[in-house]
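# only the shape, not the letters, is given here:
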């Protein structure tokens, strides 16, 4: 056994610094990087940089590798497919892996009704396809989304996305007929409300918005992340999701659950909305369904998915055979009782340690999430809850320098998100959490 983090140089070391200089010269300045780690290889929950340092990964490629880096079943599936054909185009030909993967998603996503699946290359594309199909099916223009949401970077999905300064500034104008409603954030509720009263208030505001913002008869779809990702891993209360379902049923609106980050076994169920028992009409999936390969999916009611005319959906790369076989192997391993139980175990271990840290450190305002999708939110004062984004960044820099890969999240960018590969060992998990705890203490000491 022993330590999993092994440093042979500072992080970033000399080779990494050379590569980072090349990046600065060759790539656009707007392409952000959360760390200065330059990767040589990765496996499981470990990453090796070009200087030979061995790091533990708590970012998972922003939730891309729930099954770990280079899972053997996925690597084998890719190698096998490469000996057959790389691309013949799902718009031109038919190949069995696409069918088998669609059949699997149709079967395991929530809802006891006929479903169909459309594949694409990114989460943004999946969301865009879902909204376009909903508009075609309903013959309506409007889409309701929520504060704190992140749905992508295409014109339509960026229009749906919240957090203006980081993602949207300078890129307007945006798509029309987008209406943004308030989404419950229990941590930041008014002090005079109980949690249930606050949810009641949010539901009341939802009803008011259906008068003041848009009439339900004009709404094609309501799209929501059952656990907000970029917004700060905020679980949407069950009663609020039930309210959306009720409104959609009453007015013929399509309910789209965006599971791009919260899905693929991250929360202890295949999809995060399963915790609520609410059944959406469509689900968008990406990230970890492909173990890092570019693939996404929209799975929804068959009559909705069939609405667009022949040739109305699809793309040249959509359903790439290499990505599809990787996704098929991934989802078969993720959607097992053993993997989902491991997700709960990892989440419980992280939350127990973070809760202890929250008792110890006044800078921690909240620990939240579901399963192994957790954040810690840093504040300047526990009572006022004033966000402390500088503290979160300082903790990340110290942690990365000491061999732990971390990234931020949250509307105020004052949260650190925990997205380690679910296959992480207990030893790796607790060593990484030790690094974070030490980093928090060091930052506090420096601020005295």
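Structure's in. What do you need? Everything quoted here is computed from the prediction, not taken from an experiment.
# and the helices in the stretch 101-250 of the chain?
For the stretch 101-250 of the chain, applying DSSP state H, counting those that start in this stretch gives helices covering 123-138, 155-160, 164-167, 195-212, 238-251.
# can I get those helices in JSON lines with mean neighbour count, distance to residue 417 and mean pLDDT?
Any C-beta I mention is one placed from the backbone N, CA and C, and that applies to glycine too. As requested, the helices of the stretch 101-250 of the chain are exported to JSON lines (neighbours: other CB atoms under 10 Å; distance: least, CB to CB, whole Å; pLDDT from 0 to 100):
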{"stretch": "helix 123-138", "mean neighbour count": "24", "distance to residue 417": "16", "mean pLDDT": "98"}
{"stretch": "helix 155-160", "mean neighbour count": "20", "distance to residue 417": "20", "mean pLDDT": "96"}
{"stretch": "helix 164-167", "mean neighbour count": "11", "distance to residue 417": "15", "mean pLDDT": "89"}
{"stretch": "helix 195-212", "mean neighbour count": "14", "distance to residue 417": "23", "mean pLDDT": "98"}
{"stretch": "helix 238-251", "mean neighbour count": "17", "distance to residue 417": "22", "mean pLDDT": "98"}
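# residue 176 is nearest to which of those helices?
Closest approach to residue 176 among those (CB to CB): helix 155-160, 8.3 Å.
# doesn't residue 396 belong to a helix?
Yes. Residue 396 sits within a helix when classified using DSSP: H, G, I helix; E, B strand; the rest coil.
# wait, doesn't it sit right on residue 416?
Yes. Counting by CB atoms under 8 Å, residue 416 is a contact partner of residue 396 at 6.4 Å.
# out of these two, which sits in the busier spot?
Neighbours were counted for residue 396 and for residue 416 using other CB atoms under 10 Å; residue 416 has more, 26 against 22.
# could I get the contacting residues of the more buried one?
Applying CB atoms under 8 Å, 6 or more residues apart in numbering to residue 416 gives the contacts 375, 376, 378, 392, 395, 396, 406, 407, 408, 409, 436.
# neighbour-wise, which of those leads?
For those, neighbours tallied by other CB under 10 Å; top is residue 376, 30 neighbours.
# so which residues make contact with the helix or strand containing it?
Using DSSP states H and E, the element containing residue 376 is strand 373-378. Contacts to strand 373-378, defined as CB under 8 Å, 6+ apart, come from residues 63, 187, 227, 232-233, 261-262, 266-267, 272, 347, 350-351, 354, 357-358, 363-369, 387-389, 391-392, 395, 409-410, 414-419.
# that strand pairs with which strands, parallel or anti?
strand 364-370 (antiparallel), strand 415-418 (antiparallel) (DSSP bridges).
# what about that strand, distance to the chain center?
Distance of strand 373-378 from its chain centroid, counting by CA atoms, centre = their mean, to the nearest Å, is 14 Å.
# next: stretch 354-373.
For stretch 354-373, the distance to the chain centre is 19 Å (CA atoms, centre = their mean).
# likewise for stretch 16-34?
On CA atoms, centre = their mean, the centre of stretch 16-34 falls 24 Å from the chain's centre.
# what do you get for stretch 60-69?
Distance of stretch 60-69 from the chain centroid (CA atoms, centre = their mean) equals 10 Å.
# please apply the same query to stretch 392-405.
On the basis of CA atoms, centre = their mean, stretch 392-405 sits 21 Å off its chain's mean C-alpha point.
# enumerate the positions of it that are buried.
392-396, 398-405 (16 or more other CB atoms under 10 Å).
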